[in-house]
Structure formats: structure tokens, C-alpha cells
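K.L.:
Would you be able to build a 3D model of this:
(2 chains)
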Amino acid sequence: MKRTRRSVHVGLVLAAGLTVGGLSGCNTSAKGPSGLGSSNTAGMQPGLPGVPGSSAEPGTPGVPTGSTTTPVVTDPSAPIVPVEPFDAFTPQVYATKVKDLLTGLPLTDAEYLRVNADPTTLKELIGEWMTLPSFKTKMLEFFTQAFQQDGAEITDLNDQYGGVNIQAWPARDLFLKSLSGSFARTGWELVVAGDQPFTQTVTTRSFMLNLPLMIALSYIDAAPVSDVKTNSVEVPWLLPSNTQMAQFLSTADGNAAIPLSDTLNPQSPNYMKWTYTPVAGSPCGPATKKGPAILVSAFQMMMGFGPVVNCKVETPFTDADWSTYKLVTIRRPTAAEKKTAFWDPSVLRNANELVLDTDRIGFMTTPAFFGRWATNDSNMFRVTVNQSLIVALGRSIEPIGTAIPLDDSNLQGEHAAPGTPCYACHVTLDPAREFFHQSYSVYYSRRLSMDTKLGKPVPPTSIFTVFNSPALPGNGISDLANGIVQHPGYATAWVQKFCEYANSGDCSADDPELTRIGNAFKAGGYRLKDLITETFSSPVVTFAQPTKTSTDFGPAVGIARREVFCARLTERLGIVDACNAVGQNSLGTSITKAVTKLALGVPNAGFARGEPRAILPRDPNLFFSNGTEKICSSISSGLIGSAMPKWAPTQKDAAFNDFVSIVMGVPPSDPRFTPLLGVLSSHYDQAIAAQAKDTDALRSTFVVACSSPLGVSSGL
Amino acid sequence: MERRDALKLLFGASGVGLTALATGLPASFLLRPLAPVKGQAACDATKGQYLIMSISGNGDAVNANVPGSYAFPDIVHAADPSMAATPMMLGGNSVMGAKIWSTLPQTVLDRTAFIHHSTLTNNHPNLPKVMRMMGATVRSEMIASIAAKHLSGCFQTVQQAPVSVGAGTTFTYSGRNLPNLLPTALRDLLGNDTSALGGLQKLRDSAVDQIYGVLKTNGTRAQLSYLDNLVQSRTQARSISQDLLAMLAQITTDKEPGQITAAVALIKMNVAPAMLVRFAFGGDNHTDNLLMEREVPEQTAGVGYIATLMQALKDNGLEDKVTFAMMNVFGRTLKKKGTEGRDHWAGHHVTVMIGKNVKAGVIGGLVPTIANDDYIAGGIDSVTGMLSATGDIPPEQTLASTGKTFNALLGVPNDVIESSMTSGKVIAAAVA
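P.N.:
Below is the predicted model of the structure:
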């Protein structure tokens, strides 16, 4: 590897060859690619085509004129940085990569020919790919990760449902899945299908909810958990004393079903008599509850958990209630307006809004996000606000010095005295966290006036100013949301997020190309499809030309992460949920069981507390090697020689064609197609010669294709 | 079966050559894991230790009930018999600690050190920073990765990077995030393919080698480099001994028992020099009624898992080859909240080390805070290991010194330690 000294003037002198017109914004500024100087458009030289106010002089840093580079040393005192010659990716490589990332599908032959004839058609192709059904699947998965909506276990929800035995719900798995998938659906509905500004993901008060989620959100509002971890039930039929008694009766004991209207009508002889239908064989019986316990039982019965220990009951939910999501607006009641009653599914089934006192705004107020990032009376929302900023702005609040004094006992309160190492953190993080504090208890219920345990009042106003943003005073989660979307780094943060998702690696935060796309994203009204089109056709993802990102980190070639690999199998092979990621794999019990475990060996994208960057593994290891091979092997038995075979030995040549063009993603016009076909054909013949059955030989040939570098990688 | 033998069986001398030919890799590359890391001194295998390390960002109260934490009567312990002050022999000295620690076999206690230090942070997310000794490691390498990098050459392991078998936290090796592998998934992943397709594996490898050849014809440098990594990954996967299967087949859970079996099995089969696990040890117990809800049950179980691990190592002939370490992001308050629970505490943490190179004892100790509302780690005399206000390791250096000592106890040579860490001092008193 060549090494040179980084300089405020050093650049990459590029040999002739490539045009520069397509690289709008790739100028790394007159101050070089190191990030030492200005890296925004203001620092660019004038004249470079495609870059307003830039220079087209050969040798200008970042100007792409060829595929090799020569370092120029102008400042011997500058730090040494590695510089490698730049190898541009070919159109079929980056088009394959982009289509795979957006849809999981291989490039068709027609697309291959189009993009090779004219690489600028990539933008058009991206537009077409975004209309495919598989794009939605990929975006839902991306949104779930990017907005940190998964990772919570059922027990992580306990805080929000104080007093509820949520672990015992028969419907807990369905509920958790609904919860973690809800905001991804919201994002899709608002900013993709609805083409609303992407900022809606932070500021929206509307969420895609199914009926159980509508009920669950309404329940939290009806039974908020205060800072002192007590339920403060506020429903009319329990007030004012909360000493109301109620009977719960099983229809299996001969009790006639009592309409809910009678149960809740003080004039009815059946007032406060709740009936339920037990699941056959479940140990149920009559029970008497008092005060808030009535509410808990009424709620839990809807989730299949009866008022008696181990009693399972029929829920009011149909399969359609679980699978049907609609955009529901959550708003506060107007004066004298009744709030939404959680206990009546028949009303909620037709509702399009929830009238609640609890503010739900953006990704950072969902029960899934709150469940993932539990706080407490010591942490006091620091984790909540920090993870919110990580999601929205791609940055984490860090103290200036992470080391704190050994002995902080002389510091008042939470050791935030001016001049201490912690001070910088506290002056930034603590005001920001107050926005959550103003809206929620530490158990993420709506804030109640009775919260006194913390011993200090909730400040009436706070200031949002992070990462050098202008100070915005406000109160509550709504003002935090507004502060976030007005942050100058918001747009570029999402460019970087998509770029890193595509590359499974770092994209330089100071890459002028990211800034260019971010500025365009903002100027265009935060349209997500524009952002995707620009980012995925940009050289920061295609590596068709050098950028600061490619200079800093090299062109990205790596493994297909679990979600990428599994999406390929799902989309290309027509297998429902190939790796059983959402429990819907359709290849049969033994295969489903196997792939569920094996998929865990294939590293996936993830996030971690306090980590501003997503965890995006790129390097292969022996576990990845074994995992992908065994997954391919497992599903081969569901595709070949099975009850509903996709391929058969009697039509092996057609199968080989599919293996290369679909499984390996190499279209027939690609010069690699024929030699790869020969490899597979040869393998089949060798397997037959080794006395393998024809079905096994074909399965083995499939495994070769599926676990080949083309089958398990991105960027080849 | 030793790895070198496995490779011989798998490839033979000419086999390596054939594979190199097919993949375009030089034969030396395929055997690279067998060579010491370039630029580092060859490891003394008689001193080198594999590592099994329990890490956690929970900030477990490991520090609360170990020997050395009974030095002051107002340090709070649960009123449970398992936490009662109990004498035990460490390095020839009688020390007081929770009864649970005294239940470890004396042979284990004879190689156990409790290092009292601070971690200089009280934030959960800072576990990666603590693993990097709060900035005291070169290139931000984590201490277990420093050791792994050196010891992989020493033991000629299949891969250099540590393997997380359920640690479930962000851990890096040379800046790369390591995947977290569940023990049950490992069992299924690494097991032999007993189907009809298993018998065709070598033929498939040959076909894939030909595909490498096709791809390498016009590959870019980045693509070629990646393909080399892919080849090496498969080579590693193929070189694992069959002995692994018998052990991994015993795994039925992803919790501590499964992690122990997975870690021991992978070390026995020389997959990697370091394994990361997570033993629950009290958790984030701000609120813990009488310390009985989390601290007592989890610490009792935790010491039990340490005993289980030690027995498993002994059963597999690894007791002299593996060192166990336990480190959290921070310790917890010892006095402040009484028995209501324990808060985060940057001022005190205890790293537990158990291994052949460990000189048993209590290293360092506690001193009251200025306000006398709790206790913090004091300075250490590196020669005696005693608490010392005038020792050569001031309180602020105890974390980095623990890091250096950690590596010394794993048999990492002093020159490697010194070039890998920018501050701290090896606590000689902890080294046998």
C-alpha cells in the first residue's frame, strides 16, 4: 500500500479516461479530501461541471478523470494517510448491488443491457425498482432497524404496562411483533406511499396500528404508570374512589354473555359483571376484582389472559384484526371530549383516531422504542434522548472527556458542576432529556402531576441545542421533534445512514457528495424517493468514481448481511420468509427449524446503545461461511425433490440457467454467465459420477450457486 | 485432533498447493493463521493463556461482595447467608468475602485475584470504552483483542478475533464489530452435514474454487481482497475438528451453561484465542429490595457458573491453558443506598481473574470518599499489590494498570503490552 502525507493541498491526480459530468458534488473541496479543511460546497472551486462553483482543472482533489491515482505531497508535516489507486466498479456490479439492496432481486438481462449501454439509466432503473412489491419489504426492514424499533423483549414492555402480566399473554408474540413492525409500516405509509416529507417520521402523530395496538395504546393512557410506579387509573366507572368491585364470570360455567354496554351501565343489573369465554380445557372460573385490577383484567382478557391464574380466554381479535393496519391519528381531547375507551373493540375497529392524553409523536415515542430503551430514575431519559438523536441525527452526545472524577461526592446533584469533566455532557444531554421528562414518567406513561419522588419539579421549559444547533426553547416531546428536524445536520445524517446501509461500512461524514445529496434532499422537501435515488446512484454507493468516502474507506465489497442474504432467497426463489425471520417460513417444519437457527450465524445489521453508527458487518468468517452454506443446503430440499418442486433433474439445464441468472444474479449477457454455467453443469456431472442421486446432485448444484461468492456477497 | 493435523488431513502438502492454484491465493496465505502476527514476538506457549471473559454493560455489582469489599463495616451487603462475611485463603492470606466465593474449590481460589480499581465512567454505553481502558490502548483496541491478536499466533488458532458466544454486546477487533453468536446456533452451525449433500462437499468446494477463478479474472483490488477473505473463511470452516461436535451437541440453552460449553468447545478446538460470554451478576439493580431480588440470586448463580466453567476446563484438560476474567462497565455503590439497591459507581469496580498465571489475592482496596458517603478504589503499590496512597499506581491509573495486568496474566509479552497501551503499569503482585 502506498502511503503519502495528508495535506491541505494533497489530492488525487487522476489519469485520463472518465468524464466528470456525472460526478456532481464529488469535489472534495480545495482543501483536499482529508476533512481537515472545508468540505462543503462553499469551499469548492468554480467551474467543475456538475458542481456549482467548482473547478475542472485536472488534479483538483476529487475530480474523477481516471481509474488510477498518484499521490501528491505538498505538506511533509501533514499526517500520513494511506492512498490506494481507485478501481471503479463496472455498471453491472453496481447496478446488481443497488437492485439487490432495494429489492433483493437480480438484474434482468434487459436491465443489464440498459445500464451497460448507458450507466446514467441507473436513476431510471432505481425509479422502476422502487415500484416493485419487494421494495416495500426491504424498506420495512430498513425502517425497523433505522428507527430502532426492534430488539425489545416482551419483558421490556413491563414498565409501560405496570401491573399487567404481559409475559403470560397467549398473544404476546403476536403483540410484540405488531409493536416492533408498527412504525416501519408508519414510515412506509407516510413517506413512501404517501410521499410526505421524511421529517414526518419524527413529527407525525399518526401511526399504522392494528386493533390490538390501538387497544394497547389506549390502555396505557387509561392506566398510566407514575414515576413512583403506581397505576393511576382514570376511567369514569372507577372514579372517584377506585374502590369499585367487579365480577368476572366464565360462560363455560353457564353464564350468559353480558353485553359490554350492560357491564358498563350503572343502571343495568349487570353493571360491573364481565363475562368471558375460556379456551377449551383452560382452568377458569369466577373472580372478583377491585378498582384498578378491574381495568387490568379487562385489558388482559383481550390479550387472551383470563382473570384467574393460567386461564386462557378467547380474544375478541380476528386474524384480520392482527393483520390489518391503518393510519390512526393520536390526539389530545378537546374540552369535555371523551377519551378513547380501550375496552370496546367494536368501536375501535372502525376508528381512525385515538383521543388520548398521551403524546405520541414520531419514532421516538412508540412503545417499541421505549421498550428497547428503558430509562429509570437514575438515567432519567438520557438514554431515550441520546438514542433519539442517534436515530435522527446519526450522532451521540458525548462528554468532552469521558473519564469522570473518582470521587464525585462533593458535587451536587448528578455531578454536573461547572468545570467538571461531566459538565459538558450534562449541559447538552440534560436539557434535551427534559423534553421527554415533560411529557412522560420514567415508565413512559404520560406525565402526571402527582410525580414527586424525583424530588425536583419538571422544568416548564427546556432548550434544545445539540451538536452546535441553534437553541430552541420548548416544552415536551413535540418541541423536541421540531428541534430535531430543524437541526442543520438532519438531512445529511440520513444520506449517511442510507450510504452506510448500502456499503455495510463507513461513509465519510464530511464527504461533499453526502453534503450535496443532503442539501438536495432538504431543498426538495425531504422526499424519500429522491433521497434513495440520489444516494443509490451516487458514487458513494456505486463506486463508479472516486469520492472522499472511497478514498477514506475504499470501495465496499462485503458479505450479504443476514437480512440481505435472506431477502435474496425470499425474493429470488419465491420462498415465503426464507430464513424464518418473521416466523412465516413455508418450507416445512424441519427446514424452518433449521434455517431459523442457522441464520443466526450470518451476521446482520443492528444497533447498540450509545453507538451512533449502525452495526453493519462486512467481513466473512467461518461462521458466515458455514451458515450460508447450510442455509442453502436446507432450503434446497424444499425446492428440489419436494412435494412442490421448483426445479427437477429432468430439466436440469433450465435449472442451471436459473441458478446462474437468478440465484447468482448473473444475467445471460454478462460474459461471466457461460463459464459459471459450465461450472455448475460440471459439478452436477461429477456428483452423478460420485453415485449421488440425481435429486441430490441437483440440490448440491443449487448449493454451489447459492453459497458461491456471488450468492453470499455484495459488490462482486 | 490438532489444527495442524486437521489441515494436513484436509489438504496435505499438495492439497494446499491445489487450493492455492484454484483460488489464486499463494499457499502461504492459506496457512497464514499458523504464523505469528507479523512484527510481534513469537509467543511463549508455556505462558500464553486462552481467555474466557465475561463482559457486561449492565454494571453488575461484582465489586460489592468480593474479598476486599468487607473492609469497612458500613459497606452494605445483603443479610442473606450467602453474602455473609466468610474467611477464605487467597495466596496464603486469609481474607473476608461473601460466602459464595468461598464455595469455589481451593484449587480455583489459589489462582484467583480480585483487582480493585475504578473504570472512570458510570454510563452503561461506555462498556466499549472501558474495554479500551478509557483511551489507554493504542488504536482503540480492546484489551481482549490485544491479547487475542498476540495469542492467535501463539496458539495458531483458526481465527485471530475473539468469538462472542452470547456476550451480546458491541465488541470490536481491529475496529471491526464482532458478531454475537448464540451457543445453540453455534451447535447447529458447526455440526457436520450428515445429509446426502454432506458427502458432496468436497466436490462443491472444487466448484466454488472454479467460480473464484471466474470472478478473479476481472476483479478489482477490493473484490480480490474480499474474495481472499472469503476463501480463508471457508478454509477455516473446513479445518475444525470433529471433536467439536460432541461438545457442541451438549448445548441446550443460550444462557450461561450453553455459553460455557460453547466457549470451552471452541477453545478446545483452537478456533480462537478468546471467547466472550456474559455471566449475570446482579444487573442494573438501582432498586433491589434488600438486595434479594437480583443481587443475591444472580451472584449466587454467577459464582456457580464460574465453578462450572472451572470444572469444564479441568474435565477437558484446559485448566492450565485458560484464564477466566470478569469485567463490567462499572461497579455499583457500596453504601449510598443501603439495601434498597445500588447505583452506578465510577469510583469502584472489581475485575476478577482466575488462571494459571494469576497470583491469588486481593489487589488494591477501598478508601472513603471525601464526603464519606461511599468508598472508592485507592492507589496500588504494584510490587506488593496492596492499597497504597503513595503507591506507584495512583487511583486514576488503576484501570489502565488492570488492563496491562490482564494482558500480562494471559502471557502477552511485556514489549507487546507496552506498545499496545499508553498508560498504566503491570501489577507485578498479581502475576504468579
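
K.L.:
What residues sit buried inside stretch A:323-340?
P.N.:
By neighbour count on 16 or more other C-beta atoms under 10 Å in any protein chain shown, the buried set for stretch A:323-340 is A:325-328, A:330, A:339-340. Placement of C-beta: from N, CA and C, glycine included.

K.L.:
Strands - which of these land there?
P.N.:
A:326-328, A:330 (DSSP state E).

K.L.:
can you put those in a markdown table and add distance to B:Tyr375 and pLDDT?
P.N.:
Output for these, formatted as a markdown table (distance: C-beta to C-beta, whole Å; pLDDT from 0 to 100):
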| residue | distance to B:Tyr375 | pLDDT |
| --- | --- | --- |
| A:Lys326 | 57 | 97 |
| A:Leu327 | 55 | 98 |
| A:Val328 | 53 | 98 |
| A:Ile330 | 48 | 98 |
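
K.L.:
Pick the one among those closest to A:Pro620.
P.N.:
A:Leu327 (41.5 Å; C-beta to C-beta).

K.L.:
which parts of the stretch 1-150 of chain B sit against chain A?
P.N.:
Contact residues, the stretch 1-150 of chain B versus chain A (C-beta under 8 Å from any C-beta of the partner chain): B:57, B:118, B:120-126, B:128-129, B:134-135.

K.L.:
Apply 7 Å and report the result again.
P.N.:
Proximity of the stretch 1-150 of chain B to chain A (C-beta under 7 Å from any C-beta of the partner chain) is limited to residues B:118, B:120-122, B:124-126, B:129, B:134.

K.L.:
can you check the stretch 201-350 of chain B too?
P.N.:
B:203-204, B:207-208, B:210-212, B:214-215, B:220-223, B:226-227, B:229-230, B:233-234, B:236-237, B:286, B:343-344, B:346-347.

K.L.:
what about residue 379, how many residues close to it?
P.N.:
Because you didn't say which chain, this covers chain A. 19 (other C-beta atoms under 10 Å in any protein chain shown).

K.L.:
you looked at the wrong chain, it should be chain B
P.N.:
When neighbours are defined as other C-beta under 10 Å, B:Gly379 has 22 of them.

K.L.:
Over to the one 5 residues further on?
P.N.:
Using other C-beta under 10 Å, the number of residues around B:Thr384 comes to 14.

K.L.:
try A:Gly127
P.N.:
Counted with other C-beta under 10 Å, A:Gly127 comes out at 13.

K.L.:
Check whether it really touches A:Glu534, as I assumed.
P.N.:
No - counting by C-beta atoms under 7 Å, A:Glu534 is not a contact partner of A:Gly127; they are 11.5 Å apart.

K.L.:
Without its sequence neighbours, what residue ends up closest to the spatially most central residue of chain B?
P.N.:
Of all residues in chain B, the one closest to the mean position by C-alpha atoms, centre = their mean is B:Met53, 2.3 Å from it. In space, and not counting its chain neighbours, B:Met53 is closest to B:Ala325: 4.5 Å by C-beta to C-beta, 6 or more residues apart in numbering or on different chains.

K.L.:
next one: B:Arg111
P.N.:
Per C-beta to C-beta, 6+ apart, closest to B:Arg111 is B:Val358, 4.8 Å.

K.L.:
From chain A, how far out is that neighbour?
P.N.:
25 Å (C-beta to the nearest C-beta, to the nearest Å).

K.L.:
residue contacts, that residue?
P.N.:
By C-beta atoms under 7 Å, 6 or more residues apart in numbering or on different chains, the contact set of B:Val358 is B:111-113, B:323, B:409, B:430, B:432.

K.L.:
buried subset of those residues?
P.N.:
B:111-113, B:323, B:409, B:430.

K.L.:
In helices, which of these appear?
P.N.:
The helices, defined by DSSP state H, take in B:Leu409 from the buried ones among the contacts of B:Val358.

K.L.:
Which one of the buried ones among the contacts of B:Val358 is nearest to A:Ala95?
P.N.:
The closest of these to A:Ala95 turns out to be B:Thr323 (C-beta to C-beta; 50.9 Å).

K.L.:
In ChimeraX, select just the buried ones from the residues of the stretch 201-350 of chain B next to chain A.
P.N.:
Those of those that count as buried under 16+ other C-beta under 10 Å are selected in ChimeraX with:
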select /B:203,204,207,208,210,211,212,214,215,220,222,223,226,227,229,230,233,234,236,237,286,343,344,346,347
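
K.L.:
Which members of the residues of the stretch 201-350 of chain B next to chain A occur in helices, if any?
P.N.:
Reading helices off these with DSSP H, I get B:203-204, B:207-208, B:210-212, B:214-215, B:221-223, B:226-227, B:229-230, B:233-234, B:236-237.

K.L.:
My guess is A:Asn585 contacts A:Lys593. True?
P.N.:
No - here A:Asn585 does not reach A:Lys593: they are 9.1 Å apart, not a contact under C-beta under 7 Å.

K.L.:
Tell me how many other residues surround the residue nearest to A:Gly715 when sequence neighbours are not counted.
P.N.:
The shortest distance from A:Gly715 to any non-neighbouring residue, by C-beta to C-beta, 6+ apart, is to A:Val557 (3.6 Å). Around A:Val557 there are 29 other residues, counting by other C-beta under 10 Å.

K.L.:
Confirm for me that A:Val557 is in contact with B:Ala222.
P.N.:
Yes - between A:Val557 and B:Ala222 there is a contact under C-beta under 7 Å: 4.8 Å.

K.L.:
For residue 397, which residues are in contact?
P.N.:
Because you didn't say which chain, this covers chain A. Counting by C-beta under 7 Å, 6+ apart, A:Ile397 touches A:386, A:389, A:425, A:428-429, A:466.

K.L.:
other chain: chain B
P.N.:
Residues counted as contacts of B:Gln397 (C-beta under 7 Å, 6+ apart) are B:423-425.

K.L.:
what would these look like in TSV with pLDDT and neighbour count?
P.N.:
TSV is the format used below for the contacts of B:Gln397 (pLDDT from 0 to 100; neighbours: other C-beta atoms under 10 Å in any protein chain shown):
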residue	pLDDT	neighbour count
B:Ser423	95	16
B:Gly424	96	24
B:Lys425	97	18
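
K.L.:
What pLDDT is listed against the residue of the stretch 501-650 of chain A found nearest chain B?
P.N.:
Across the stretch 501-650 of chain A, the shortest distance to chain B (C-beta to the nearest C-beta) belongs to A:Gly610, at 2.5 Å. pLDDT for A:Gly610: 75.

K.L.:
burial measure for it, as a count.
P.N.:
A:Gly610 has 22 neighbours, counted by other C-beta under 10 Å.

K.L.:
Likewise for A:Glu629?
P.N.:
Residues lying near A:Glu629 (other C-beta under 10 Å) number 27.

K.L.:
Same check on B:Gly191?
P.N.:
B:Gly191, neighbours per other C-beta under 10 Å, totals 15.

K.L.:
Does it touch B:Leu244 like I think?
P.N.:
No - here B:Gly191 does not reach B:Leu244: they are 8.4 Å apart, not a contact under C-beta under 7 Å.

K.L.:
do you know how far B:Asp74 is from B:Thr287?
P.N.:
B:Asp74 is 21 Å from B:Thr287, where distance means C-beta to C-beta, to the nearest Å.
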